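Undergrad: coords please:
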Amino acid sequence: MTTPRLDTDHPEPAPGDRIDRFTLQKPLGRGVSCHVFRAWDGANGTPVAVKIVNWANVRDRDAALKQLRTEATALARVRHPRVVRFIDFGQDARWPYLVLEFVEGRPLGELLREGGALPPRWALYLLGQAIDGLDAVWKAGIVHRDVKPDNLIVGPSGIAKLIDFGLAKSDVLQLLDGPAPSELAGTAAYLAPEQARDAASVDFRADVYSLGATLFEMLTGRLPFEGGSRMQTILRHMTAPVPAPSTLVPGLPQALDDLCQWMLAKAPEDRPRSGDELRRGFTTAANAVE
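TA: Numbering: from 1, shown residues only. So this is what the prediction gives:
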C-alpha cells in the first residue's frame, strides 16, 4: 500500500474545522503524535471524538499512519460496552483521522491523582469492568499494550470504558505486515517485564500485568514500582519483589493481596492464563470484601 502524499504545512486543527461530516468543537487532549477533539457528527447529530495525527511532532510519517491504521483496525474488531466504539477512519487533504465514540467522563488516573486510593469495593467495581472489556479485546486477537488508569474513562454513573488503542498489537495486522521488529512500547509505571524486553512479542498476559499495576494503584494510591527515571522504573518491574497492597493499606483482605500479586507475577506463565481465569480470581477477591 502506497502512503498518500499529504501537505504537512497546513495549520494545526482547531475548533470549527471540518473533516468530512465532522466539525471539531473543542480539544480533549494532545499527545506526542495525535490531537484529540470533541466533534459533532453532522450526519447523525451526535458528539464524537476525533483523533488526528499531529504532524508537527511526527518525524516518521509512514509509522504514524501505520499506528493510526492499527488502532482503527483493532477497534473495528471489538464490540463491547466497556470498550470505546470505532466509528470511522480516513484522511482528507490535511490530516489522517480516526473517529470514535465520545465518552463522557474523566480518566481514572485523574481521579487517583486528585483523591488517592479508592475504597476496595469501588476499586473492584472498576476492575471488573476493565476485565470485561479487556477479555473482549483479547478474544478479538488484540493486545492493548498500554493499560493504565489514564486509559480508563469513568463516567458520572461509574461506568468505565477502555480507550486509546494507539499501541495495540493485532494478530490480523501481523499477518498482513509480517512479524514486527523488537520494540519498546508502553508506559514504564505499568509495564510488564516481558514487554520491557520486547513489546512486539507479548500476548494478553502483558495487559494482565498492567491491569494488576492499575489495581495496586487503585487500592493504595501508589504505584507498585517507582524509580528516578524511566529505566529505573522498568528495572524495578523486572527485578524487585512484588509488594502486597496491605503493606501500605493495613486491613485489606488477603484475597486482594493474592489477586494483585498474581496479576503482577514477573513471569507471564505465573499470571492468569485466560480472561476466564482472571475473572474467577476477581470473583474470589470481591467475595472477600465486606
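Undergrad: ok, for Phe22, nearest residue in space, not its chain neighbours?
TA: Ala39 (4.5 Å; Cβ to Cβ, 6 or more residues apart in numbering). C-beta: built from backbone N, CA, C; applies to glycine.
Undergrad: that neighbour: how many residues sit nearby?
TA: Other residues lying near Ala39 total 27 when counted by other Cβ atoms under 10 Å.
Undergrad: Three-state assignment for it, please.
TA: Counting by DSSP: H, G, I helix; E, B strand; the rest coil, the backbone at Ala39 sits in strand.
Undergrad: which residues in the protein form helices?
TA: In the chain, the helices defined using DSSP state H lie at 61-76, 108-115, 120-139, 171-177, 193-197, 204-220, 230-239, 254-263, 275-288.
Undergrad: what's the domain layout of the protein?
TA: Using automatic domain parsing, the domain ranges for the chain come out as 18-101, 106-288.
Undergrad: now the weakest link among the helices of the chain, please, by mean pLDDT.
TA: By mean pLDDT, the lowest-scoring of those turns out to be helix 171-177, with a mean of 60.
Undergrad: so what's the closest residue to Gly212 other than its chain neighbours up against?
TA: In space, Gly212 comes closest to Met263 once its chain neighbours are excluded; the distance is 2.8 Å by Cβ to Cβ, 6+ apart. When the contact criterion is Cβ atoms under 8 Å, 6 or more residues apart in numbering, the partners of Met263 are Val208, Tyr209, Leu211, Gly212, Leu215, Arg271, Pro272, Leu278, Gly281.
Undergrad: gap between Met263 and Ala49?
TA: With distances defined as Cβ to Cβ, to the nearest Å, the gap from Met263 to Ala49 amounts to 29 Å.
Undergrad: quick one on the thing from earlier: most tightly packed of the helices of the chain?
TA: For these, average neighbour numbers computed from mean count of other Cβ atoms under 10 Å are highest in helix 204-220, which has a mean of 25.
Undergrad: contacts only, for the nearest residue to Ser210 once chain neighbours are set aside.
TA: Setting aside the residues directly before and after it, Ser210 is nearest to Val147 in space (Cβ to Cβ, 6+ apart), at 3.8 Å. Residues in contact with Val147 (Cβ under 8 Å, 6+ apart) are Ala130, Leu134, Leu162, Tyr190, Asp207, Ser210, Leu211, Thr214.
Undergrad: please report the distance of the residue nearest to the second one when sequence neighbours are not counted from Pro47.
TA: This points to Leu134. The shortest distance from Leu134 to any non-neighbouring residue, by Cβ to Cβ, 6+ apart, is to Asp207 (5.8 Å). Summarising the geometry, the distance separating Asp207 from Pro47, computed by Cβ to Cβ, is 29 Å.
Undergrad: same thing with Arg273?
TA: In this structure, Arg273 and Pro47 are separated by 40 Å, where distance is defined by Cβ to Cβ.
Undergrad: what's the burial count for Asn151?
TA: A count of neighbours around Asn151, defined by other Cβ under 10 Å, yields 24.
Undergrad: per-residue pLDDT, it?
TA: Among the per-residue scores, Asn151 shows a pLDDT of 96.
Undergrad: and stretch 125-140, how far out from the chain's middle?
TA: The gap between where stretch 125-140 is centred and where its chain is centred comes out at 11 Å by Cα atoms, centre = their mean, to the nearest Å.
Undergrad: contacts for that stretch, please.
TA: With Cβ under 8 Å, 6+ apart, stretch 125-140 has contacts from 74, 77-80, 82-83, 108, 118, 143-144, 147, 152, 154, 158-162, 204, 207, 211, 214-215, 218, 275-276, 278-279, 282, 286.
Undergrad: okay, that stretch in PDB with CA atoms only?
TA: Output for stretch 125-140, consisting of C-alpha atoms alone and laid out as PDB, is shown next (Å, rounded to 0.1, in the frame of the first residue of the first chain):
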ATOM      1  CA  TYR A 125     -16.200  -2.400  40.600                       C
ATOM      2  CA  LEU A 126     -13.900  -0.600  38.200                       C
ATOM      3  CA  LEU A 127     -11.600  -3.600  37.900                       C
ATOM      4  CA  GLY A 128     -14.500  -5.900  37.000                       C
ATOM      5  CA  GLN A 129     -15.500  -3.600  34.100                       C
ATOM      6  CA  ALA A 130     -11.900  -3.400  32.900                       C
ATOM      7  CA  ILE A 131     -11.700  -7.200  32.900                       C
ATOM      8  CA  ASP A 132     -14.900  -7.500  30.900                       C
ATOM      9  CA  GLY A 133     -13.600  -5.000  28.200                       C
ATOM     10  CA  LEU A 134     -10.100  -6.500  28.000                       C
ATOM     11  CA  ASP A 135     -11.400 -10.000  27.700                       C
ATOM     12  CA  ALA A 136     -13.400  -8.900  24.600                       C
ATOM     13  CA  VAL A 137     -10.200  -7.300  23.300                       C
ATOM     14  CA  TRP A 138      -8.100 -10.400  23.800                       C
ATOM     15  CA  LYS A 139     -10.700 -12.700  22.200                       C
ATOM     16  CA  ALA A 140     -10.600 -10.400  19.100                       C
END
